[in-house]
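> quick one, what's the 3D model for this:
(one chain, ligands or ions: 1)
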Amino acid sequence: MKYDFDQTVDRRNTRCFKWDLNKVNFKREDIISMWVADMDLPAAPEITEVIINRAKHPVYGYSFRDNRFYNAYINWQKHRNNWQIKRDWIVNSNSVVTSLCLILQALTAPEDKVLINSPVYGQFALAVSGSGRTLVTSPLRNNEGYYTPDFQDMENKFRSGIAAFILCSPHNPVGRVWKEEELRLMAELCLKYNVLLISDEIHSDLIFSESHHIPIASLSEDISRITVTCTSPGKTFNVSGMCIGFVIIENKILREKVKDIFTSSHLLAASIFAIEACQAAYEKGERWLSEMLGYLQTNRDYLVKFIRTEIPSLKVYTPEGTYLAWIDFRLLHLSQSDLLCFLVFAAGLGLDNGTKFGEEGRGFMRLNFACSFSLLQHALHNLAAAVKELQSNDLDIKKLIKESEVIEDCD
Ligand SMILES: Cc1ncc(COP(=O)(O)O)c(C=O)c1O
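Prediction:
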């Protein structure tokens with residue numbers, strides 16, 4: 001092991017969403033934060049080094065991405081995913097969510113319907129409604145925690161008129177890495193019903209050893225022609241705060257429309273530090289990524305085994321990708337607000353509320369396990385003890401809620 005992921009990085013007072021907003025989000029300062037999707041693990045030193053070097057130059061003016069920058073990304077896609085993209089196909093962005101919003105504006109009309117598979121990353125629904133388009137959901141099928149697309153339901157909805165489908169691949173929050181046949185079936189439906197395929201592949205490098213990511217656009221020329229793929233180094237290398245991303249579009253007509261709206265929104269420029277960090281990540285970050293994925297896999301396996309053996313009333317399926325565990329708390333029979341309150345005030349944990357991912361997330365919570373192993377152990381032991389107390393009727397939820405109100409009153 002060259003990199004030390006066991007060190008606990010104190011992120012407090014760095015203006016980070018995850019730890020510095022506990023009081024605002026959870027009404028309690030001293031919880032273990034396991035919500036927003038970034039990692040508590042230190043980024044690759046190879047990235048830190050280029051940022052420091054660039055910072056030493058005292059002029060921080062406008063900068064462009066050069067051939068070396070693009071080649072680093074093109075080579076990464078070829079080498080990791082066997083996907084040969086061309087320089088021309090890339091549209092620069094600063095964020096996947098911004099890209100989704102602008103792509104919808106550029107490539108769909110105000111009266112159009114856009115389909116998503118729920119539960120899914122909450123910003124998908126917001127991007128659709130925020131762009132004034134109509135949201136249609138096709139819930140995934142939950143087969144004892146193993147989620148699959150409901151192809152029949154998708155087809156019925158496509159048949160009734162859908163302009164675009166936003167695919168989450170791999171899927172946040174259910175942790176699926178879609179198999180080739182699943183991707184093909186979804187893409188073929190898009191082709192059959194003339195639906196634009198927008199594929200959010202931001203989690204595509206966070207794949208565990210038994211799975212394999214396939215960029216949907218790489219499946220065939222026909223699929224590539226209708227696909228807009230959004231990616232970023234943010235999740236892979238824990239550089240989300242750098243705000244840089246890519247949109248890949250082979251189809252020139254679609255691409256020109258997207259480019260126009262990105263240009264008029266002044267989105268093509270990037271932070272000088274983001275450019276350096278992104279290039280270094282794709283050129284030099286592979287070894288770090290491979291060690292980091294090994295570390296995450298140990299965390300994941302520990303979490304799943306711990307929950308199954310120590311807290312059997314909760315249900316969790318082993319995620320195939322991402323560092324997010326989608327945990328089913330329904331057997332505790334708590335309302336969503338009581339569940340949140342229980343987690344914060346009895347277990348001392350800040351998790352992501354399942355209903356942020358759609359109504360199908362009621363009774364669920366998302367836990368981010370990209371932290372040191374010791375912190376994860378600590379969090380899971382807290383959770384097991386709190387569930388035990390709840391089940392032995394030693395815990396008075398109503399009293400906990402009262403305490404949370406008292407804390408709010410103290411603000
Ligand atoms: C599926 C998915 N897309 C996009 C994002 C955010 O991307 P960005 O920060 O580049 O807007 C996230 C963050 O959690 C995500 O899970």
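> what about the closest residue to Ile116 other than its chain neighbours, how many neighbours?
Once flanking residues are discounted, Ile116 sits nearest to Phe124: 4.7 Å by C-beta to C-beta, 6 or more residues apart in numbering. (Each C-beta comes from the backbone N, C-alpha and C, glycine too.) For Phe124, the count of nearby residues is 26 (other C-beta atoms under 10 Å).
> likewise for Glu155?
Neighbour tally, Glu155, other C-beta under 10 Å: 16.
> circling back: the residue nearest to Ile116 belongs to a helix, doesn't it?
Yes - under DSSP: H, G, I helix; E, B strand; the rest coil, Phe124 falls within a helix.
> from the ligand, how far off is Thr263?
Per C-beta to the nearest ligand atom, to the nearest Å, Thr263 is found 19 Å from the ligand.
> residues contacting stretch 214-229, please?
77, 81-83, 103, 107, 167, 169, 178, 180, 183-184, 186-187, 190-191, 195-199, 201, 204, 247-251, 254, 258 (C-beta atoms under 8 Å, 6 or more residues apart in numbering).
> what about it, near the ligand?
No - judged by C-beta under 6 Å from any ligand atom, stretch 214-229 and the ligand are separated, with a smallest distance of 12.0 Å.
> in that stretch, what's buried?
214-219, 223-224, 226-229 (16 or more other C-beta atoms under 10 Å).
> same check, this time on stretch 58-66
Using 16+ other C-beta under 10 Å as the test for burial, stretch 58-66 gives 63, 65.
> just stretch 352-363 next, same as before
So for stretch 352-363, counting by 16+ other C-beta under 10 Å, buried means 352-358, 360-363.
> would a markdown table of those with distance to the ligand be doable?
Below are those laid out as a markdown table (distance: C-beta to the nearest ligand atom, whole Å):
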| residue | distance to the ligand |
| --- | --- |
| Asp352 | 10 |
| Asn353 | 14 |
| Gly354 | 15 |
| Thr355 | 16 |
| Lys356 | 11 |
| Phe357 | 10 |
| Gly358 | 13 |
| Glu360 | 16 |
| Gly361 | 14 |
| Arg362 | 20 |
| Gly363 | 21 |
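> which residue is nearest the middle of the chain?
Asn172 (5.2 Å; C-alpha atoms, centre = their mean).
> could you find the closest non-adjacent residue to it?
Once flanking residues are discounted, Asn172 sits nearest to Tyr121: 4.6 Å by C-beta to C-beta, 6+ apart.
> quick check: the one you found is in a strand.
No - assignment of Tyr121 by three-state DSSP gives coil, placing it outside any strand.
> could I get the pLDDT score of it?
Confidence at Tyr121, expressed as pLDDT, is 98.
> just give me the neighbour total for it.
Using other C-beta under 10 Å as the criterion, the residues surrounding Tyr121 number 27.
> contacting residues around it?
Tyr121 is in contact with 168, 172-173, 200, 357, counting by C-beta under 8 Å, 6+ apart.
> need the buried residues of stretch 214-229 in CSV with pLDDT, can you?
Below are those laid out as CSV (pLDDT from 0 to 100):
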residue, pLDDT
Ile214, 98
Pro215, 98
Ile216, 98
Ala217, 98
Ser218, 98
Leu219, 98
Ile223, 98
Ser224, 98
Ile226, 98
Thr227, 98
Val228, 98
Thr229, 98
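> which of those residues fall in helices?
Secondary structure from DSSP state H places 223-224, 226 of the buried residues of stretch 214-229 in helices.
> any chance of those in TSV, plus distance to Leu343?
Formatted as TSV, these follow (distance: C-beta to C-beta, whole Å):
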residue	distance to Leu343
Ile223	41
Ser224	43
Ile226	42
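> just the buried positions in the helix or strand containing Ala384, please.
With elements taken from DSSP states H and E, the one containing Ala384 is helix 373-391. By 16+ other C-beta under 10 Å, the buried positions in helix 373-391 come out as 375-376, 379-380, 382-384, 386-387, 390.
> cool, stretch 109-118 as well?
112-118.
> keep the residues you listed, but drop any that are not near the ligand.
Among those, not one lies near the ligand by C-beta under 6 Å from any ligand atom.
> Thr318 contacts Lys305, correct?
No - using C-beta atoms under 8 Å, Thr318 makes no contact with Lys305, being 9.5 Å away.
> thinking again about what came up before, which one of the buried residues of stretch 214-229 is nearest the ligand?
The ligand has its nearest neighbour among the buried residues of stretch 214-229 in Thr229, at 12.0 Å by C-beta to the nearest ligand atom.
> what distance do you get for the closest one to Ile85?
9 Å (C-beta to C-beta, to the nearest Å).
> what residues are shared contacts of these two?
Common contacts of Thr229 and Ile85, defined by C-beta under 8 Å, 6+ apart, comprise Ile248.
> give me the mean pLDDT for stretch 329-346.
pLDDT averaged over stretch 329-346 gives 95.
> ends of that stretch, what's the gap?
End-to-end span of stretch 329-346 (C-alpha to C-alpha, to the nearest Å): 15 Å.
> buried residues, it. List them.
329, 332, 334, 336, 339-346.
> contacts for it, please.
Stretch 329-346 has contacts (C-beta under 8 Å, 6+ apart) with 26-28, 31, 313-315, 349-351, 353-355, 362-365, 383, 386-387, 389-390, 395, 397, 400-401, 403-404.
> mind doing that once more with 7 Å?
The contact list for stretch 329-346 (C-beta atoms under 7 Å, 6 or more residues apart in numbering) reads 26, 28, 31, 313-314, 349-351, 353, 355, 362-365, 386, 389-390, 395, 397, 400-401, 403-404.
> got it, and stretch 149-164?
Counting by C-beta under 7 Å, 6+ apart, residues outside stretch 149-164 touching it are 104, 107-108, 112-115, 117, 136, 138-141, 182, 185-186, 189, 193, 195-196, 198.
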